[in-house]
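A.B. asks: 3D model of this:
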Amino acid sequence: MSRRRRPINHEHLGLLAGGAALLALLVAGMGTGRNWWSRSLELNFRTYSASGLQPGMEVKISGFPVGHVQRIQLLNDAQVKVTLSIAANRAAMVGRRSRATLTQDGLISKPYIAISPDLNDLGQQQAVANGDSLIYETSPDLASLIKQLAASRVPLQQVITRAGALMERRLPQSLNQLDRTLSSGEQLSTLLQREVTAGSGMLQGRVSQATDQLEQTLTTVQATLVEIQGLARSSNQLLRGIRNSWLLQMLEPAAAPAGVSGNSVNPAPAGPGSTAKPAAGCPGGAPCRD
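C.D. replies: Numbers count the residues shown, from 1 in each chain. Below is the predicted model of the structure:
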């Protein structure tokens, strides 16, 4: 008796294919976020305390996730070896000077491993190899910080109390000294203002007196100039009167006759029968002209 073949249910196949594709996409997304599909590089560091360290926690460079903590191992010498898995394309940022630190952004955020980049000759320094070790710097513990703060609270309170007592004792004295200083300054300002006012009044009086004396001097000089002008006019009249007086005309020498020089001597009169000879060079006895 032959078996009858069941018909293929295409609807069930479609559901299975869709579920498989969705699962593949989910795995691919998780692998991309955790660098499962990219080539990775293993680095490690050692510490004496694994407090706060967990496998799977993120590893960041400059706040950007580049890998995760792969495993944590306790060694025979009581040290803890932490292995990090970092994307190989980010390995150029990690150098010999890089440091690994356990960091937490806030009180409620998850801690992560922060690696400081080695920016000395970036891209040219000797790149780290697979399995190299980093230097781990322990971050301060929050509990220890709280304990230190509580221990320092009492000395701090004592200092604040002493400062308050000192301020309470010294502040009134300082305020009184400040008031006295301000009063002295106000008195000095008033005295200076009085001195300036008195000095300006005396200066104004001296300037007024000098101005009055200068006006009197100018008036005297003007009157003197008027007298000098009158004296000059009188002198001119006197000189003109002396020049026109008859006494000066008498003192002047009489005018010589025409044709006879004032310094020549009159010749003696000629005797009877004598004839006068004409002067040499003068024709016909006519008088010579110069």
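A.B. asks: remind me which residues of this structure are low pLDDT?
C.D. replies: 1-12, 28, 30-38, 121-127, 140-143, 246-290 (pLDDT under 70).
A.B. asks: got the domain ranges for it?
C.D. replies: 38-139, 141-228 (automatic domain parsing).
A.B. asks: let me have those domains in TSV, extended by distance to A24.
C.D. replies: Where C-beta positions appear, they are placed from N, C-alpha and C, glycine not excepted. Listed next are the domains of the chain as TSV, based on distance: least, CB to CB, whole Å:
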stretch	distance to A24
domain 38-139	18
domain 141-228	42
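A.B. asks: which one of those lies nearest to A17?
C.D. replies: Among these, domain 38-139 comes nearest to A17, with 27.7 Å by CB to CB.
A.B. asks: what number of residues lie near the residue lying closest to Y48 once chain neighbours are set aside?
C.D. replies: Distance criterion CB to CB, 6 or more residues apart in numbering; nearest residue to Y48, sequence neighbours excluded, is Q79 at 6.0 Å. Residues lying near Q79 (other CB atoms under 10 Å) number 13.
A.B. asks: and what of the one 5 residues further on?
C.D. replies: Residues contacting L84 under the criterion other CB under 10 Å number 23.
A.B. asks: all numbers from here: first residue = 16
C.D. replies: Noted, 16 is the first residue going forward, which turns the last one into L99.
A.B. asks: what about it, which SS state?
C.D. replies: Secondary structure assignment for L99 (DSSP: H, G, I helix; E, B strand; the rest coil): strand.
A.B. asks: that one contacts S55, doesn't it?
C.D. replies: No. Counting by CB atoms under 8 Å, L99 does not reach S55; the two are 9.4 Å apart.
A.B. asks: secondary structure element for L193?
C.D. replies: helix 157-258 (DSSP states H and E).
A.B. asks: ok, now A129?
C.D. replies: Per DSSP H and E, A129 falls inside strand 127-130.
A.B. asks: packing partners of the helix or strand that that strand is followed by?
C.D. replies: Downstream of strand 127-130, the first helix or strand assigned by DSSP H and E is strand 150-152. Strand 150-152 is packed against strand 55-62, strand 114-118, with contacts defined by 3 or more CB pairs under 8 Å, 6 or more residues apart in numbering; DSSP states H and E.
A.B. asks: kindly reformat the ones you listed as TSV containing distance to Q202.
C.D. replies: TSV is the format used below for the helices and strands packed on strand 150-152 (distance: least, CB to CB, whole Å):
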stretch	distance to Q202
strand 55-62	74
strand 114-118	65
